[in-house]
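Engineer: Give me a model of this one.
(one chain, ligands or ions: 1)
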Amino acid sequence: MAEEKGKVNIFEGTMAHLTYLQIEEAAREGTSVLFPIGVIEEHGPHLPLAVDVYGSYLQSREVKSELERKGIKSLIAPPFYWGINVATGSFGGSFSCREETMISVLFDAMSSLKKWGFDRVFFINHHMDGGHMKALNQAIQKARREIGMGIYLVIDQFFAKGLGLKADEPHLLIYQSLFPSGPPSPYLNIHAEGHETSFMWHYLPELVNEEVWRTLKPTNLNLDDLLVWVKGGTEARKVTPQGYFGDPTTASPERGREEMESYGRRAAGVIEDLLQGRYSPPNAPCPEVALEP
Ligand SMILES: [Zn+2]
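Structural biologist: You can find the predicted model right below:
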C-alpha cells in the first residue's frame, strides 16, 4: 500500500465508491462485507482525532487484499465513526454517542446489508474502549438473533482476554495476538502510543506532528492507572494529561507498515478458517491484562 502514502481517502476501495449495480452483483455472488469501526477521539498532542477511523479502514484494506490473494471476495462498508468514548471523553474532540444510538445505527446498517442480499459481515474494529466494545458486541448479538446473518467481530487475543470476552462465543473471531509475549512489562501501551503513531506515520505522515512527537516521553503507567483511566472524566485526564497512554517514542514508519500487514495476514487467516469451517480460537499464550475494572 506504499502508493497510498499521504493520500488516504476512507471511501477509496469501499462500497461508497461503487454503483448500486456493483453492490447488487456482489451480494448475488455471496461476497462477505468487512465493516471498519472507529471513533473520532483525541490521540495526544501529536496525532489527529481520526486515528481509529483511518486504522480500521487501513486494516480493512489489508484484509481485503489478503483475502483476494486467497481467492475470497469481500467488500468494505463505509467506515463507521460515531462510537463511544469513555476514557478520553473529557478531552476536546472525543465525540461520543449513547449506547442505544450506536446499537441502533449498527443494527440498521446490518439490516440494510441483509436487505440487499448480503449474508456475512466481519467487523474490523480499531477502538477498545469498554463502553464502545459493549455496544458493538450487543449490536452484533442482537443482529445475529433478529436478522439471522453471519456476523463476526475480528479481535486480537490480547483484547478478547482483557475485555473478559469468552473465546467460544459464536460471534468472535480471535486471532493470535500481535502484541509481544514474553516477560510482561509493568508499563502498558494502550493509546496514541508506538503502534498508533507508527501506522499514522507510514500511511498519513502529513498528519503526524513530528516536532511535538520528539518532545514526548513514555507515560510509564501500569494496570492500576489503567483502571482509573478507563472510567473517564477528570480523573482519567489526570492519569494522561497529554492524552496518550504508553510509549510513543518507539514509533517508526517501518513498524507501522509491518504491523498493518501483519494484522491483515492474521485477520484474513481467521476469516478464511471460518469460511472453510475450520476456525478455532488460538490457544497460544498471550500477555494478560484486565482492561475492565
Ligand atoms: Zn486509537
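Engineer: State the three-state secondary structure for the residue in the stretch 101-250 of the chain that the ion sits nearest to.
Structural biologist: As assessed by CB to the ion, the ion sits closest to residue 196 within the stretch 101-250 of the chain, at 5.2 Å. Just so you know, the C-beta spots here come from the backbone N, C-alpha and C atoms, and that holds for glycine as well. Assigned by DSSP: H, G, I helix; E, B strand; the rest coil, the conformation of residue 196 is helix.
Engineer: I figured it hits residue 50, correct?
Structural biologist: No - Residue 196 lies out of contact with residue 50 (CB atoms under 8 Å); the separation is 11.3 Å.
Engineer: If you tally nearby residues, what's the number for residue 25?
Structural biologist: Neighbours of residue 25 under the rule other CB atoms under 10 Å: 13.
Engineer: show me where the stretch 101-250 of the chain has helices.
Structural biologist: Per DSSP state H, counting those that start in this stretch, the stretch 101-250 of the chain carries helices over the ranges 130-147, 157-162, 194-203, 210-213, 223-229, 233-239.
Engineer: Please go through the chain and pick out the longest helix.
Structural biologist: Across the chain, the helix with the greatest residue count (assigned by DSSP state H) is helix 253-275.
Engineer: Could you pull out the buried residues of that helix?
Structural biologist: 253, 255-257, 259-260, 263-264, 266-272, 274 (16 or more other CB atoms under 10 Å).
Engineer: what do you get for stretch 25-38?
Structural biologist: Here stretch 25-38 shows 26, 27, 31, 32, 33, 34, 35, 36, 37, 38 as buried, counting by 16+ other CB under 10 Å.
Engineer: quick one: what helix or strand has the fifth one in it?
Structural biologist: Read that as residue 33. strand 32-37 (DSSP states H and E).
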